[in-house]
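>>> Show me the folded form of this:
(chains A and B)
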Amino acid sequence: MSKGLPKRSEDYSLWYNELVKKADLAENSPVRGCMVIKPYGYSIWEKMQAQLDKMFKETGHSNAYFPLFIPKSFLSKEASHVEGFAKECAVVTHYRLKNAEDGSGIIVDPDAKLEEELIVRPTSETVIWSTYKNWIQSYRDLPLLVNQWANVVRWEMRTRLFLRTTEFLWQEGHTAHATAKEAMEETIQMMNVYAQFAEEYMAVPVVKGKKTENERFAGADETFCIEAMMQDGKALQAGTSHFLGQNFAKAFDVKFATKEGGLEYVWGTSWGVSTRLMGALIMAHSDDNGLVLPPKLAPIQVVIIPIYRGEAELELISVKAKEIMADLRKVGISVKYDDRDTQKPGWKFAEYELKGVPVRIGLGPRDLENGTIEIARRDNLTKETFELASQPIATKISNLLDQIQDGIFKKAIDFRASVTTEVNSWEEFKKVLNDTGGFVSAHWDGTSETEEKIKELTKATIRCIPLDRKEEAGTCVLTGNPSSGRVYFAKAY
RNA sequence: CGGGGUGUAGCGUAGCCCGGUAUCGCGCCACAUUUGGGAUGUGGAGGUCGUAGGUUCGAAUCCUGCCACCCCGACCA
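Numbers count the residues shown, from 1 in each chain, chains lettered A, B, ... in the order given. This next block holds a predicted model:
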């Protein structure tokens, strides 16, 4: 049993916070709302980055880097964009400090005021589109497919490790196209890339859908998203992909000469996922013993723990352990051999459970004698004694890692199914939200007023209009007005 | 930013009402015995009691401001 980790059933958010800290993923920093991502947590993020980056490149995108600062005037060029972000911007007003005359310390030098304030980017559409103006003249320059890995700052009121921090890490793709059709295809393609990543790598099932007007990105014509379900029945927006129409092209005057000799505004998209995915990963799978990581993203996939008395025994075990380690590494499995003499085996078992290492191998004198090892799975906490002669260890472990990856994905799907409910009346709607939470699939009359009203009454928002929804005549769960299909409501992070 | 709560060693805490510089556990260091699910014993180190003022002979304790964190709202990836 893990020492001091609260139970999910008792206090879910406390459990989450403690888990993030105890598993060495991240901690609060001296800077308000900003976290320190610790090496173990960062190594998971790096694995996510590596895979996403690969997928972006496979779909034709290249990485670039744009400035951290955005001149204030840029931000105001797209009206709804500035409206959406104005309330959460960090602003640089000065460029120099000096010693206070009265010796009280360092102060901002009032003489070093910037002519134009700089905004610490909350997102980069504006700097990027001002740059694209110079990069795009002709249809030959299109499509322009760029991604950037960066940090951004949004001055949020309440922050939570990974889920909502003042500064966060993300990637933002910004593309420009000759036609609306092509831009829309790009928007949907990237949503699909995100969904594939979430399901195949994070083992987190997601609903692909379209945002309602209320929930749309500031400056977008359409926002597509992937929505995940957490173990406490709350939804988490895990990634968004925006069809920007010609909004930013118009705001920054980005036109291109068409093949036919005309001059047109380009069509844009932007899409992003952030360190929030870490939050999704943690909350989707972990249990009261700690983190449960999908093998495909686990920095350490297998840990080998020797059980021994005395130096001589350790040496014998180490020979075998290193053999196994070499076999596993040969097939690309990441293995750690923890032969530290400073902790006892039981301590290590608990530690690696807390950190979510998918497979643990125990190796002791008894095993040496019998030609066996003990294999323990993190996901379901079962153990088996494996005979080394029965099949190659690398085969055994790679199959097991695959099984675990599939297993936790299926478990997450089953869980989501168990908290996804179709409702047909307002009473039912309220009851389900209160009792089980989760996704509530219901008819909605399509108006923002109704959406706002429901949010006011229940705190649930429309997470998305699922792309795969079936056309079905019905009546709005609140107003009784006609509806042509169901949408997903949920309380959300 | 509104309402509520909490800040005492790396972590978790007692003491606060009723002022006299601090309790216990975990962790840490040393040594010994231990090692198949978070070992045990003995000894030891570690604190400007969140911070800045005020009251007082004397403040962790009383008063005021500020800061941070947690919970509930509003806002959001």
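>>> okay, and the helix or strand of chain A with the least pLDDT?
Least confident helix or strand, chain A: strand A:106-108 with a mean of 80, by mean pLDDT, DSSP states H and E.
>>> So the helix or strand following that one, near RNA strand B or not?
Next along the chain after strand A:106-108, taking DSSP states H and E as the criterion, comes strand A:113-120. No: against RNA strand B, strand A:113-120 shows no contacts by C-beta under 7 Å from any atom of the strand, the least distance being 12.5 Å. (C-beta placed from N, C-alpha, C; glycine too.)
>>> tell me which residues of strand A:113-120 are tucked away?
A:117-120 (16 or more other C-beta atoms under 10 Å).
>>> quick check, A:Ser318 in a helix?
Yes: assessed with DSSP: H, G, I helix; E, B strand; the rest coil, A:Ser318 lies in a helix.
>>> And the spatially most central residue of chain A, what's its pLDDT?
What sits nearest the mean C-alpha location of chain A, by C-alpha atoms, centre = their mean, is A:Leu277, with 1.4 Å. The model reports A:Leu277 with a pLDDT of 95.
>>> follow-up on the earlier one: pLDDT added to the buried residues of strand A:113-120, as CSV?
Formatted as CSV, those follow (pLDDT from 0 to 100):
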residue, pLDDT
A:Glu117, 91
A:Leu118, 93
A:Ile119, 92
A:Val120, 91
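>>> what does stretch A:299-308 rub up against?
Contact partners of stretch A:299-308, identified using C-beta atoms under 8 Å, 6 or more residues apart in numbering, comprise A:40, A:43-44, A:47, A:295, A:314, A:317-318, A:321, A:324-325, A:328, A:333-339, A:345, A:348-349, A:352, A:355, A:357-365, A:397, A:401.
>>> where in chain A is pLDDT low?
A:1-4, A:102-104 (pLDDT under 70).
>>> Domain-wise, how is it divided?
Here the domain parsing of chain A from automatic domain parsing is A:12-91+A:123-285, A:299-410, A:420-490.
>>> Tell me the first helix or strand C-terminal of the lengthiest helix in chain A.
As assigned by DSSP state H, the longest helix anywhere in chain A is helix A:393-418. Next along the chain after helix A:393-418, taking DSSP H and E as the criterion, comes strand A:420-422.
>>> sorry, back to before: okay, buried residues for the longest helix of chain A please.
Buried residues in helix A:393-418 (16+ other C-beta under 10 Å): A:393-394, A:396-398, A:400-401, A:404-405, A:407-409, A:411-412, A:415-416.
>>> Check stretch A:32-49 too.
Quick answer for stretch A:32-49 (16+ other C-beta under 10 Å): A:33, A:35, A:37, A:40-45, A:47-48.
>>> next one: stretch A:349-361
A:350-361.
>>> near RNA strand B, which residues of the stretch 151-300 of chain A?
Within the stretch 151-300 of chain A, the positions near RNA strand B by C-beta under 7 Å from any atom of the strand are A:154, A:156-161, A:163-166, A:168, A:215, A:217-218, A:237, A:240, A:272, A:274-276, A:289.
>>> again, 6 Å this time
Selection of the stretch 151-300 of chain A residues close to RNA strand B by C-beta under 6 Å from any atom of the strand yields A:154, A:156-158, A:160, A:164-165, A:168, A:217, A:237, A:240, A:274, A:276.
>>> CSV for these, including secondary structure and distance to A:Tyr265?
Putting those into CSV (DSSP: H, G, I helix; E, B strand; the rest coil; distance: C-beta to C-beta, whole Å) gives the following:
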residue, secondary structure, distance to A:Tyr265
A:Arg154, coil, 28
A:Glu156, coil, 33
A:Met157, coil, 36
A:Arg158, coil, 39
A:Arg160, strand, 39
A:Arg164, strand, 34
A:Thr165, coil, 35
A:Phe168, strand, 31
A:Phe217, coil, 19
A:Gln237, strand, 29
A:Thr240, strand, 23
A:Ser274, strand, 29
A:Arg276, helix, 32
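>>> out of these, which are buried?
Using 16+ other C-beta under 10 Å, the buried ones in these are A:154, A:160, A:164-165, A:168, A:217, A:237, A:240, A:274, A:276.
>>> and these, which two are the farthest apart?
A:Arg160 and A:Phe217 (21.5 Å; C-beta to C-beta).
>>> tell me what the longest helix of chain A is packed against?
strand A:222-229, helix A:276-285, helix A:310-330, strand A:359-363, strand A:372-377 (3 or more C-beta pairs under 8 Å, 6 or more residues apart in numbering; DSSP states H and E).
>>> could you redo the last one with a cut-off of 6 Å?
When contacts are defined as 3 or more C-beta pairs under 6 Å, 6 or more residues apart in numbering; DSSP states H and E, helix A:393-418 packs onto helix A:310-330.
>>> Name the residues of the helix it packs on that are buried.
A:314, A:317-318, A:320-321, A:324-325, A:327-328.
>>> Can you check what angle separates it from helix A:393-418?
On the basis of axes from the mean of the first three to the mean of the last three C-alpha atoms, to 10 degrees, helix A:310-330 is oriented at 70 degrees to helix A:393-418.
>>> helices and strands around helix A:310-330, which ones?
Short answer (3+ C-beta pairs under 6 Å, 6+ apart): helix A:310-330 packs on strand A:302-306, strand A:335-337, helix A:393-418.
>>> quick check, the first one touching RNA strand B?
No: applying C-beta under 6 Å from any atom of the strand, one finds strand A:302-306 separated from RNA strand B by no less than 8.3 Å.
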